[in-house]
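return a 3D structure for these sequence lines:
(2 chains)
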Amino acid sequence: MLLEVKDLKMYYEILGKGEVHAVDNVSFSLDKGETLGIVGESGCGKSSLAITILRLLPINGKIYGGEMLLNGEDILNMDLERFRREIRWKRISIVFQGAMNALNPVIKVGDQIAEAIMIHEKISKKEAMKRVIELLEMVGIDASRATSYPFEFSGGMRQRAMIAMALALNPEILIADEPTTALDVIVQAQILKLIKDIQRKLKLSVILISHDISMVSELSDRIAVMYAGQIVELGNIVDVYVNPLHPYTKALLSSVPSIKEKRRKLKSIPGAPPNLLNPPSGCRFHLRCPFKIDLCAEKEPDFIRASKGHFVKCHRFEELRGVDFR
Amino acid sequence: MTSGKPVIEVVNLKKYFPVRAGLIDLIMRRPRLYIKAVDGVTFSIYEKEIFCLAGESGCGKTTTGRAILRLVEPTAGKVLFKGENVLEYDNVRLKEFRKKAQIIFQDPYESLHPRMSVYDIVEEPLRIHKIGDKKERLELVTKILEDVELKPPEEFLYRRPHELSGGQRQRVAIARALILNPEFIVADEPVSMLDMSIRAEILNLMLKLRDEHKLTYLFITHDLAVAKYICDRIGIMYLGKIFELGSVEEVIDNPYHPYTKALISAIPTPDPRVKIGEIPIKGEVSSPINVPSGCSFHPRCIYSMKICKEVEPKLIEVSKGHYVACHLHR
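You can find the predicted model right below:
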């Protein structure tokens, strides 16, 4: 097991109001060479989870407990300066949401990537540039474009450059947070293919975060479904798709149109996600769940192993097997 | 659903945006350049039909929608609303037209005034068109909020946009578009900013309102899965032109144009057992200023022939109601 996250809690403190429970008791593991997809709607805590793993928290973001082990080594309580030098970018790196706008507009693309390398490794500019060229070629950008400015790149190329930058220090884990939002569908497909190729070639572990189930299904080996700061279902991607156990997962799957299927009535989930300043008691989904019983409002369900590698956080999953949402 | 009369007929519609000329361009007397955002688009939308324009960013789908409503003035062509040319309307008749043709914008976080209450937002069109007195207007607003399922309406009337969720905001935007009892609605990517579960809710609402209010929609989207769910007919656009047009099942399940095929092959499905294969396309979208000669898709097309560089293909009916502009199909 490469990365192990156990009962991780990260809350945002809001002055005078309390804490926003953005990441609450999240547990998962990541194997070498594996892609874990994390899906959920906006505000479910998926991006907060990403910045917690990288310990890039804003001032009011505090870790309230849990463990984070990289190859067995505790990286959650590690000195932050050491984490910055040895872990972040070197072993775990990230492609941010909207990354194509994250490049500095007045520095040549190649120089920006070289800078990232030279901050972490004591090598000359020349050596760094050699590595930059290799990286750009790996992501499908011609070496001659290293001296171009970001505005001379298309959106897809900028995203490729950001991926090259994230790979610059040979990380073991790549976190991709909505890596294709704002890209057109053909470009999106090309970027997904690129991530898949690179992952196989470098035996990289990938955490792919998105609101788009279809996009996550395309790449992931396993999937974690997040709702209101918690993982409510986790398992092999085909298992979860064919046999979703949590009512929220069922609802999410029945709300997505597919281009390959005959037209069927899409179902929506009534209500809105809860306010995480004051999350509901018991199961966080109970206010919107058509299957709720009294127990759901009283007791938070455990994260139960339903079958090999398939976990679910629901009191009634056993009786609801095969039952459609509404 | 091509029965009934056409509500909107678009004939050879063009919208060119001039490119700002620099000083050197002026000194060198270089010819003025234009971005051909919409370049000769023809289609009709029939009563109670949902017609979709789909394509990638920059293909001209939004500009077409806006040009039909005269939110941008078209460069050339005709837009007939129930047989009358909208482009010849004077201001008085244009205002009348605006009562019958409305628009829903993409981003409900930006299309609603943050300091106006839901009541003010939805009532404003009535005030502009001087319809009813205060009491009647309140009744109309209450009724339309119920229609868009913001229930109970009293609870929403005096809230401001920041107190609403994304889905609720889009409902307010729909209520505002419907308050004047229009016949035709342009919906410009109405669900692309919304979460999955809320998307389904808004799409189903739009379908319900079509039946209850006898609406005709022009639905603009980049998402073909959404298009397949909601639309009756679809037009696929590329660099300001329609490449393929027909019933949504026909075009998506049985595409003819190489571009449509590439577009469809690139769409991921929620089923993890179905993967995206090779995408039959080369390169990137050409600049809309220097549109390639002949078929504008030829530099990216894997079937490109000599004729494609020279002659622009016309939109030809290849099977009943299914039109394609490609030299491979004629």
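
the helices in the stretch 201-330 of chain B, which residues?
Residue ranges of the helices in the stretch 201-330 of chain B, as given by DSSP state H, counting those that start in this stretch, are B:224-230, B:248-253, B:258-265, B:306-310.

where does the stretch 1-150 of chain B dip in pLDDT?
Scanning the stretch 1-150 of chain B for pLDDT under 70 picks out the ranges B:1-3.

for chain A, what are the nearby residues on it?
Applying C-beta under 8 Å from any C-beta of the partner chain, we find that the stretch 1-150 of chain B lies next to chain A at B:Glu56, B:Ser57. For every residue, glycine as well, the C-beta is placed using N, CA and C.

and the residue of the stretch 1-150 of chain B closest to chain A?
Residue nearest to chain A within the stretch 1-150 of chain B: B:Glu56 (4.1 Å; C-beta to the nearest C-beta).

how about stretch A:249-267: buried residues?
In terms of neighbour count (16 or more other C-beta atoms under 10 Å in any protein chain shown), stretch A:249-267 has its buried residues at A:249-259, A:266-267.

ugh, wrong one, I meant stretch B:50-60
Buried, per 16+ other C-beta under 10 Å, within stretch B:50-60: B:Ile50, B:Phe51, B:Cys52, B:Leu53, B:Ala54, B:Gly55, B:Glu56, B:Gly58, B:Cys59, B:Gly60.

could you export these as TSV, including distance to B:Arg171?
Formatted as TSV, the buried residues of stretch B:50-60 follow (distance: C-beta to C-beta, whole Å):
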residue	distance to B:Arg171
B:Ile50	18
B:Phe51	23
B:Cys52	21
B:Leu53	23
B:Ala54	24
B:Gly55	27
B:Glu56	28
B:Gly58	29
B:Cys59	28
B:Gly60	29
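
keep only those of these that are in strands.
Among the buried residues of stretch B:50-60, the members found in strands (DSSP state E) are B:Ile50, B:Phe51, B:Cys52, B:Leu53, B:Ala54.

on that earlier part again, the residue of the stretch 1-150 of chain B closest to chain A - nearest residue in space that isn't next to it in sequence?
The shortest distance from B:Glu56 to any non-neighbouring residue, by C-beta to C-beta, 6 or more residues apart in numbering or on different chains, is to A:Asp184 (4.1 Å).

run a quick neighbour tally on that neighbour.
Using other C-beta atoms under 10 Å in any protein chain shown, A:Asp184 has 22 other residues around it.

could you do A:Ala189 as well?
25.

quick one: low-confidence parts of the stretch 51-200 of chain A?
Residues of the stretch 51-200 of chain A that meet the cut-off, pLDDT under 70, sit at A:99-100.

how about the helices in it?
Under DSSP H, counting those that start in this stretch, the stretch 51-200 of chain A gives helices at A:80-86, A:109-120, A:125-138, A:155-166, A:185-202.

now the last one: buried residues?
Meaning helix A:185-202. In helix A:185-202, counting by 16+ other C-beta under 10 Å, buried: A:185-196, A:198-199.

how about the residues of the stretch 1-150 of chain A by chain B?
A:Glu41, A:Ser42.

at 10 Å instead, please
A:Gly37, A:Val39, A:Gly40, A:Glu41, A:Ser42, A:Gly43, A:Cys44 (C-beta under 10 Å from any C-beta of the partner chain).

rewinding a little: which among the buried residues of helix A:185-202 gets closest to B:Leu239?
Nearest to B:Leu239 out of these is A:Ile186 (C-beta to C-beta; 13.9 Å).

for the closest one, which non-adjacent residue is closest in space?
B:Ala266 (4.6 Å).

how much space separates that neighbour from A:Asp111?
Per C-beta to C-beta, to the nearest Å, B:Ala266 is found 32 Å from A:Asp111.

these two: who's more crowded?
Between B:Ala266 and A:Asp111, counted using other C-beta under 10 Å, the more crowded position is B:Ala266 (23 against 17).

pretty sure the more buried one contacts A:Val185?
Yes: using C-beta atoms under 10 Å, B:Ala266 makes contact with A:Val185 at a distance of 4.9 Å.

quick one: contacts for residue 158?
In the absence of a named chain, chain A is used. Counting by C-beta atoms under 10 Å, 6 or more residues apart in numbering or on different chains, A:Arg158 makes contact with A:Ala99, A:Met100, A:Asn101, A:Ala102, A:Leu103, A:Val109, A:Ile141, A:Pro150, A:Phe151, A:Glu152, A:Leu183.

I was after chain B.
B:Tyr158 makes contacts with B:Ser117, B:Val118, B:Tyr119, B:Asp120, as judged by C-beta under 10 Å, 6+ apart.

could you find the closest non-adjacent residue to the third one?
Nearest residue to B:Tyr119, sequence neighbours excluded (C-beta to C-beta, 6+ apart): B:Leu157, at 4.5 Å.

pretty sure that neighbour contacts B:Glu139?
No: contact between B:Leu157 and B:Glu139 fails when scored by C-beta under 10 Å: they sit 11.8 Å apart.

beta partners for B:Leu245?
Taking DSSP bridges as the rule, B:Leu245 bridges to B:Gly235, B:Tyr323.

how many residues are close by it?
Count around B:Leu245 with other C-beta under 10 Å applied: 25.

check contacts around it.
The contact partners of B:Leu245, by C-beta under 10 Å, 6+ apart, come to B:41-43, B:51, B:53, B:233-237, B:251, B:257, B:315, B:317, B:321-325.

report the buried residues of stretch B:182-193.
B:Pro182, B:Glu183, B:Phe184, B:Ile185, B:Val186, B:Ala187, B:Asp188, B:Glu189, B:Pro190, B:Val191, B:Met193.

what's the answer for stretch B:84-95, then?
Neighbour counts using 16+ other C-beta under 10 Å place B:Val86, B:Leu87, B:Tyr89 of stretch B:84-95 among the buried residues.

could you check how far that stretch is from the centre of its chain?
Distance of stretch B:84-95 from the chain centroid (C-alpha atoms, centre = their mean, to the nearest Å) equals 21 Å.

check stretch A:64-71 too.
17 Å.

ok, now stretch B:6-22?
Distance, stretch centre to chain centre, for stretch B:6-22: 14 Å (C-alpha atoms, centre = their mean).

now stretch B:13-33
28 Å.

likewise stretch A:33-52?
Mean C-alpha position of stretch A:33-52 versus that of the full chain (C-alpha atoms, centre = their mean) differs by 3 Å.

and it, which residues are buried?
Buried-residue list, stretch A:33-52, by 16+ other C-beta under 10 Å: A:34-41, A:43-52.

and stretch B:261-278, average pLDDT?
Across stretch B:261-278, pLDDT averages out at 94.

brain fart, stretch B:192-209
90.

re earlier: overlap in contacts, B:Ala266 and A:Val185.
What both B:Ala266 and A:Val185 touch, as defined by C-beta under 10 Å, 6+ apart, is the set B:Glu56, B:Leu224, B:Ile276, B:Ile279.

residues in contact with the first one?
Contacts were defined as C-beta under 10 Å, 6+ apart; by that measure B:Glu56 touches A:183-187, B:222, B:236-239, B:259, B:263, B:266, B:285.

pLDDT score for the spatially most central residue of chain A?
Centroid check for chain A by C-alpha atoms, centre = their mean gives A:Ile209 as the closest residue, at 2.8 Å. pLDDT for A:Ile209: 96.

who does the strand or helix carrying it pair up with?
Using DSSP states H and E, A:Ile209 sits in strand A:205-210. Here strand A:205-210 is paired, per DSSP bridges, with strand A:35-39 (parallel), strand A:173-177 (parallel).

right, I'll leave it there.
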